[in-house]
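Peer 1: No letters, just coordinates:
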């Protein structure tokens, strides 16, 4: 049976099986440099152990595809339905998120067995997939790609708490910065915002709608470490007039004086990354900053953060650089539903819609984002105090 996803992706059984195997194999490849001890640790409630990411993405396929669509299928272990649910209330109760690091059992090898058993059952399902399967498989693969990025950001945070500062991958290659940044005239007037229907999109990217953009300018690239050092040396972290009240409170409560993973060594700054502890590169875009810090910097620079609509419209400009591959970019927009938004039906409808409060939108994509995962309409979102993601800033200003 051939089924065409909205947007025209051909999901014949062979192509769908090949994509499924490729995405699942990439998760295992990302986990391969890590020891069993590395994969169990949880360094904060917002992060999850690598082992849990591997199991949870498997739980997704088991819960939303195999149980309802493969006749005679039973869970590999009934307890896994409780242990590896994340936030799907409609799918039943779950283990508390802050306690995921306490799950020394099942072991990493048992999780590998779980993944293998589910993959074998998925192979059977995809030989002749039911009509509704391809859309759910694609959602599951997009979900797994999101967890591939989280696997990297979460283990980076965990390794950063180790005094040995062990590298996730000593040969990790940092992206190349784009070079000099200039202000571009953004396309003003009525803009079409949201997914255009070509290929996959999450429900939060729809429906496509019109938004009015007042004349504005937007930076061709991102704020660099060198510029951030100037902000720090000018006392930006100590000037309350630059900060939102909540951000000022967070800055004091958590002792922010520099981006996350920056360490002072003598007269120099070092930065811990997936390749280990290295000198801060002045030319690289700054990363691991919260929305509060990005907003304070923009105010210090005499500019502002772009709205997500400005970012999306400007993303089509030929000179718009560093759109992805380095760091997600904070916008000035809260994560709220588009006009006419409707979540997906059923339990998968909990994927995005219920988080549309107390979050800020980021656009673009980071060095940890799987290749091909993002698009201009993609809406990432995190609380304004989050710093452990690869998050940076691009500036904008009113043109009037």
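Peer 2: Perfect, thanks for sending it. What you are looking at is a predicted structure, and each value in this text was computed from that prediction instead of being measured.

Peer 1: Can you mark which positions in stretch 248-257 are buried?
Peer 2: For stretch 248-257, burial by neighbour count (16 or more other C-beta atoms under 10 Å) applies to 248, 250-251, 256. Bear in mind the C-beta positions are built from the backbone N, C-alpha and C, glycine included.

Peer 1: swap in stretch 171-191?
Peer 2: Quick answer for stretch 171-191 (16+ other C-beta under 10 Å): 172, 177-178, 181, 184, 186-187, 191.

Peer 1: can you check stretch 372-389 too?
Peer 2: Applying 16+ other C-beta under 10 Å to stretch 372-389 flags 373-382, 384-389 as buried.

Peer 1: Tell me which entries of those lie within strands.
Peer 2: Applying DSSP state E to those, the entries found in strands are 380-382.

Peer 1: now the end-to-end length of stretch 51-71.
Peer 2: One end of stretch 51-71 sits 28 Å from the other (C-alpha to C-alpha, to the nearest Å).

Peer 1: gap between that stretch and the chain center?
Peer 2: The chain centroid and the centroid of stretch 51-71 are separated by 21 Å under C-alpha atoms, centre = their mean, to the nearest Å.

Peer 1: just stretch 274-285 next, same as before
Peer 2: Relative to the centre of its chain, stretch 274-285 is centred 20 Å away, using C-alpha atoms, centre = their mean.

Peer 1: who touches that stretch?
Peer 2: Contact partners of stretch 274-285, identified using C-beta atoms under 8 Å, 6 or more residues apart in numbering, comprise 152, 156, 165-174, 177, 221-226, 229, 262-263, 268-271, 322, 326-327, 368, 392.

Peer 1: In ChimeraX, select just the buried ones from those.
Peer 2: Typed into ChimeraX, the line below selects the buried ones among the contacts of stretch 274-285, using 16+ other C-beta under 10 Å:
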select :152,156,167,168,172,177,221,222,223,224,225,229,262,269,270,271,322,326,327,368,392
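
Peer 1: Mind giving me the packing neighbours of the helix of greatest length in the chain?
Peer 2: Determined from DSSP state H, the single longest helix within the chain is helix 133-160. Helices and strands touching helix 133-160, by 3 or more C-beta pairs under 8 Å, 6 or more residues apart in numbering; DSSP states H and E, are helix 13-31, helix 36-40, helix 50-61, helix 108-127, strand 268-273.

Peer 1: Quick one: mean pLDDT over it.
Peer 2: Helix 133-160 carries an average pLDDT of 97.

Peer 1: relative to helix 50-61, how tilted is that helix?
Peer 2: 170 degrees (axes from the mean of the first three to the mean of the last three C-alpha atoms, to 10 degrees).

Peer 1: Can you give the distance of helix 133-160 from its chain's centre?
Peer 2: Taking the mean of its C-alpha atoms, helix 133-160 sits 8 Å from the chain's own mean (C-alpha atoms, centre = their mean).

Peer 1: List the buried residues in it.
Peer 2: Residues of helix 133-160 classed as buried: 133-160 (neighbour count, 16+ other C-beta under 10 Å).

Peer 1: just the helices in the protein please.
Peer 2: Assigned by DSSP H, the chain shows helices spanning 13-31, 36-40, 50-61, 67-69, 80-83, 108-127, 133-160, 225-233, 245-254, 291-300, 308-314.

Peer 1: Residues contacting the fourth one, please?
Peer 2: In this structure, residues lying in contact with helix 67-69 by C-beta under 8 Å, 6+ apart are 73, 75, 125, 130, 132-133.

Peer 1: So what's the predicted local confidence for residue 14?
Peer 2: 88.

Peer 1: residues contacting it?
Peer 2: Counting by C-beta under 8 Å, 6+ apart, residue 14 has no contacts.

Peer 1: Just the buried ones from the contacts of helix 67-69?
Peer 2: Burial of those was assessed by neighbour count (16+ other C-beta under 10 Å); the buried members are 73, 75, 125, 133.

Peer 1: Out of those, which two sit at the greatest distance?
Peer 2: 75 and 133 (18.5 Å; C-beta to C-beta).

Peer 1: Tell me which of the helices and strands packed on helix 133-160 lies nearest to residue 340.
Peer 2: Taking those one by one with C-beta to C-beta, helix 50-61 is closest: 27.5 Å.

Peer 1: that older thread, out of the buried residues of stretch 372-389, which is nearest to residue 105?
Peer 2: Nearest to residue 105 among the buried residues of stretch 372-389, counting by C-beta to C-beta, is residue 388 at 26.6 Å.

Peer 1: what's the closest non-adjacent residue to that closest one?
Peer 2: The shortest distance from residue 388 to any non-neighbouring residue, by C-beta to C-beta, 6 or more residues apart in numbering, is to residue 157 (4.7 Å).

Peer 1: same check, this time on residue 36
Peer 2: residue 108 (4.6 Å).
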